[in-house]
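K.L.:
here is my input, please return the structure:
(2 chains, ligands or ions: 2)
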Amino acid sequence: MSENIALARNYLNTPRGLKSWLLTLDHKRIGVLYLIAIMASFFLGGVFALLIRWELLNPGRDIMGPDTYNQVFTLHGAIMIFLFIIPSIPAALGNFVLPQMLGAKDVAFPRLNLASWYIYLFGALFAVYSMFSSAVDTGWTFYTPYSTETTTSVISMTMGAFILGFSSIFTGLNFIVTIHKLRAPGMTWRQLPLFVWALYATAIIQVLATPVLGITLLLLVLERVFGIGIFDPAMGGDPVLYQHFFWFYSHPAVYIMILPGMGIISELIAVFAHRKIFGYNAIAFSSLAIAFISFLVWGHHMFVSGQSPLAAMIFSFLTFLVGIPSGIKVFNWLATLYKGSISFATPMLYALSFLFLFTIGGLTGIFLGALATDVHLHDTYFVVAHFHYVMMGGTVMAFLGGIHYWWPKIWGRMYSEFWAKIAAVLVFIGFNVTFFTQFILGTKGMPRRYYNYLDQYQPLHAFSSIGSWILGLGFVVMLVYLLHSIYRGRPAGSNPWGALTLEWTNSSPPPPENFDEAPVLTHGPYDYDKVLVEEGSPARA
Amino acid sequence: MDSTGTLFMPPGRSTIAGEVDTLFYFIFYTSVVFFAIVVFGITFFSIRYRRQRKAGLTSGLAHNTKLEILWSVIPTILVVIVFFWGFKVFIKMHVPPKDAIEIKVTGQKWFWTFVYPNGSNSLNELVVPVGKPVKLLMSSRDVIHSFFVPDFRIKMDVLPNRYTVTWFEATDPGIYNLFCTEYCGKGHSEMLGKVKVLPEREYQAWLESGSGGGEGKTPEEFGAELYVSKACVTCHSVDGTLLVGPSFKGIFGHVTQLEDGEAMVDENYLRESILNPQAKIVAGFEPVMPTYQGVLNDRQLDALIAYIKSLKE
Ligand SMILES: [Cu+2]
Ligand SMILES: [Cu+2]
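P.N.:
Numbering: from 1, shown residues only, chains lettered A, B, ... in the order given. Ligands and ions are numbered 1, 2, ... in the order given. Prediction:
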């Protein structure tokens, strides 16, 4: 930190010292700690992704053998899901922003918050350990009986995921209580920013669904260590039972991943269209609707698993039902652009990318929710493309939008808008080249998790790999200008985007206690029709 | 549906393929319309309402009941249609006709075995008659696999503890790809097979020949063929590379190191290794080789042994 920003008293420089960071109870610092840990995981997972695409450039061996390949795609999945995407938005950005948005000093349980970060690190340690001691090769789904038979270190990896679950539960619990108890005077539920609503819905799933994953993984470990025979067919167990347990968590987990992203998008679209959000209630309640229905659709991962057709029918129907609220959100965001005053600052570019990519992700979900077409597409690259459009085109784009949006608040400094736009364009193009191709690979029958493939798929695979390099380049550019901005960026000012939510009323970076005096709510989060606010200056009622 | 394949779908070669593709393209074009609306909306609003100078106060319009009902109800109706349609075709795929030929399918790391109604069998190549429904009764010897023939649009998991069923009726003679689509370890992407669709008469002739094959070939040639068709190739190389199992190159007539002791590789040793692989385990390898007891007949065994003998250093 240098010059003027360093002089002002803020959460980054008060108190000083490594110890004060490692023992901090300040939600903003914990958010930053999470951010660092998460970005490191994202980097690692990204390197594995590039290795996968490199290996798939040609059929047969390019850079690694089949065993290594199987470990690499497993690690890519497990790291991206458990270490990056699940905690990304809630634990890093949510932690930093939520109390400020509510006008609170901190979350309800600051110690629990710090504990959740250490638990995250501890879980990550297990995962890293299992990387070096004959890494798991089961896929991130750990399907039995393969996972109970393989000689790789399944136990340490599942224990890692088990431990990470607690960190997720703690964060969720903390947010629920914070949202209920620590809102600024005058802030009714109808005046909550939509990001808060999204975090609330997410927290409910985190608290209710994660224990099921914990139980499942524990059973898996017991099965391996003591051979209790719950999943092992040789002992009268049922391997498909494992799939039910696993997806009972992991489908709702998909919404743990996407709901916070949708929350960010609601903020970004409103702020950069400078416009009252269209359909506030619809967006808020659709988050809750998604949260509840998401518990009832897990069987759509198992249409060809031998599950009964009646079950398949019910799960297919509910799957379509859970899609509707997401569609409604997209239309509401679109309508918010109408008669706005739209700025194309970098966060907005990510928000628009999100609309574009998430729509594709959602629509391709229909092919998979429909029973007859799913039979053909299940476990092919179509599914790989679909969930990357939702998870990366959706959540990661929203995360990047959020990072670029709150970056000036976090560090008090601005990044280079020019380079940020270049990176956003590279990421967008690279993403589509990489993954749109995979839809076609999938419909043509290319199965997923294949080390080797038939020659007929080579052109598409090569094209997809080239996309991954463009994507990688975009992220390298981003890394450089973001790091540069922390030290050299120009001071951001308290409200660079002209936003109306409370976190933009304090200074940037915020003081340790967030607000110099307790904020009083004078307007709603999206009252751009009533309150005059300009980029770089505070709101005037 | 078009039988040469379309931009998205591979050629359809079963009676169900056309129905799946029709649904696929119905969803596809509906999605394209929705996507176009969204993209057009983004583009149009972005240009029309881009910020020119200061933002100022903007419209407070946040509701339009008619519009909101419209964009909730229309998609709901469409997905309900897709749901029923998908379910209807799915049930067809699920219930085999009564007169279907029943073939037993076994998946194991990393190959497929097929047993036909008359007791003959084949490996990695499913032979069926054209224009006749075929029911597959499937199970696994180890982990979960999945039976997928893209050109037929069918897929079904193959489980270790119960039978699963799928069926198809091929519409054109030809040879089609068969993939394993449930991740099953090292050889997952090598667990490939073919479905060979023959005219009825040729199918019958093939069945009667006992699927033994090898007529008019030297034992070495026939053995080389079996080495590929019986999946030895997934685990054993003939050029000295170590795969899941040891290479066949130059093993005959030499002493091999076992987990406990050693053995001379002669005809009897080879025979035992193939029929009862767990009896003697080669040092440094895992006991994962499946038994070929009941899969290979004597002539085939002799041919394989002759072939291995011919692979000198
Ligand atoms: Cu799901
Ligand atoms: Cu497989």
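K.L.:
which single residue in the stretch 201-313 of chain B comes nearest to ligand 2?
P.N.:
B:T234 (11.5 Å; C-beta to the ion). Backbone N, C-alpha and C define where each C-beta goes, glycine included.
K.L.:
what sits against the nearest residue to that residue once chain neighbours are set aside?
P.N.:
Leaving aside its sequence neighbours, B:T234 sits nearest to B:E190 (C-beta to C-beta, 6 or more residues apart in numbering or on different chains; 4.8 Å). B:E190 sits next to A:452, B:110, B:234 when contact means C-beta atoms under 8 Å, 6 or more residues apart in numbering or on different chains.
K.L.:
A:D238 touches A:L219, doesn't it?
P.N.:
No - A:D238 sits out of contact with A:L219 when judged by C-beta atoms under 8 Å, with a separation of 11.9 Å.
K.L.:
shared neighbours of the two, anything?
P.N.:
Common neighbours of A:D238 and A:L219 (C-beta under 8 Å, 6+ apart) are A:230-231.
K.L.:
close to chain B, is the longest helix belonging to chain A?
P.N.:
In terms of residue count, the longest helix belonging to chain A (DSSP state H) is helix A:239-273. Yes - for a cut-off given as C-beta under 8 Å from any C-beta of the partner chain, helix A:239-273 has contacts with chain B, namely A:239-240, A:273.
K.L.:
cool, stretch A:382-394 as well?
P.N.:
No - Stretch A:382-394 lies out of reach of chain B by C-beta under 8 Å from any C-beta, never closer than 9.1 Å.
K.L.:
buried residues, that stretch. List them.
P.N.:
A:382-394 (16 or more other C-beta atoms under 10 Å in any protein chain shown).
K.L.:
of all those, which comes closest to chain B?
P.N.:
Nearest to chain B out of the buried residues of stretch A:382-394 is A:F382 (C-beta to the nearest C-beta; 9.1 Å).
K.L.:
my read: that closest one touches A:G365, true?
P.N.:
No - using C-beta under 8 Å, A:F382 is not in contact with A:G365; the gap is 10.7 Å.
K.L.:
and the stretch 151-300 of chain B, which residues reach ligand 2?
P.N.:
B:180, B:184, B:188, B:191 (C-beta under 5 Å from the ion).
K.L.:
circling back to that earlier point, who does the longest helix of chain A touch, helix- and strand-wise?
P.N.:
helix A:86-87, helix A:194-226, helix A:280-293, helix A:309-337, helix A:346-369, helix A:381-390, helix A:397-411 (3 or more C-beta pairs under 8 Å, 6 or more residues apart in numbering or on different chains; DSSP states H and E).
K.L.:
so who does the residue most central in space within chain B touch?
P.N.:
Nearest to the mean C-alpha position of chain B, counting by C-alpha atoms, centre = their mean, stands B:F179 at 2.2 Å. Going by C-beta under 8 Å, 6+ apart, B:F179 touches A:445, A:447, B:148-150, B:191-192.
K.L.:
mind doing that once more with 6 Å?
P.N.:
A:447, B:148 (C-beta atoms under 6 Å, 6 or more residues apart in numbering or on different chains).
K.L.:
surely it is within a strand?
P.N.:
Yes - note on B:F179: a strand contains this position according to DSSP: H, G, I helix; E, B strand; the rest coil.
K.L.:
before we move on, the earlier item: avg pLDDT for the strand or helix carrying the residue of the stretch 201-313 of chain B closest to ligand 2?
P.N.:
Element membership of B:T234 [criterion: DSSP states H and E] is helix B:232-235. Summarised as a single mean, pLDDT over helix B:232-235 is 87.
K.L.:
what's the distance between the residue of the stretch 51-200 of chain A found nearest chain B and A:P491?
P.N.:
The stretch 51-200 of chain A approaches chain B most closely through A:Y146 (4.3 Å), counting by C-beta to the nearest C-beta. From A:Y146 over to A:P491 the distance is 55 Å, taken as C-beta to C-beta, to the nearest Å.
K.L.:
mind checking which of those two has more residues around it?
P.N.:
A:Y146 (24 against 15; other C-beta atoms under 10 Å in any protein chain shown).
K.L.:
name the SS class of the closest residue to that one other than its chain neighbours, please.
P.N.:
Nearest residue to A:Y146, sequence neighbours excluded (C-beta to C-beta, 6+ apart): B:V143, at 4.3 Å. Taken by three-state DSSP, the conformation at B:V143 corresponds to coil.
K.L.:
what do you get for the one 3 residues further on?
P.N.:
When the structure is reduced to helix, strand and coil (three-state DSSP), B:S146 reads as strand.
K.L.:
show me what it is bridged to.
P.N.:
Using DSSP bridges, the beta-bridge partners of B:S146 come out as B:D157.
K.L.:
ok, B:T181 touching A:D379?
P.N.:
Yes - using C-beta atoms under 6 Å, B:T181 makes contact with A:D379 at a distance of 4.1 Å.
K.L.:
quick one: which of the residues of the stretch 151-300 of chain B next to ligand 2 is nearest B:L70?
P.N.:
B:C180 (45.7 Å; C-beta to C-beta).
K.L.:
which residues touch the closest one?
P.N.:
Neighbour list for B:C180: B:145, B:191 [criterion: C-beta under 6 Å, 6+ apart].
K.L.:
pLDDT wise, what is it at?
P.N.:
96.
K.L.:
ok, now A:L7?
P.N.:
In this prediction A:L7 is given a pLDDT of 56.
K.L.:
repeat that for the one 10 residues further on.
P.N.:
At A:G17, the model reports a pLDDT of 90.
K.L.:
before we move on, back to that, would CSV of the contacts of B:E190 with neighbour count be doable?
P.N.:
Output for these, formatted as CSV (neighbours: other C-beta atoms under 10 Å in any protein chain shown):
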residue, neighbour count
A:N452, 17
B:W110, 24
B:T234, 19
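K.L.:
can you show me the CA trace of the helix or strand that contains A:F96 as CSV?
P.N.:
Assigned by DSSP H and E, A:F96 falls within helix A:95-102. Provided in CSV are the C-alpha atoms of helix A:95-102 (Å, rounded to 0.1, in the frame of the first residue of the first chain):
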residue,chain,number,x,y,z
ASN,A,95,-18.3,-12.1,3.4
PHE,A,96,-16.8,-8.8,2.3
VAL,A,97,-20.0,-7.2,1.1
LEU,A,98,-23.0,-8.7,3.0
PRO,A,99,-22.6,-6.8,6.4
GLN,A,100,-21.8,-3.6,4.5
MET,A,101,-24.9,-4.0,2.4
LEU,A,102,-26.9,-4.4,5.5
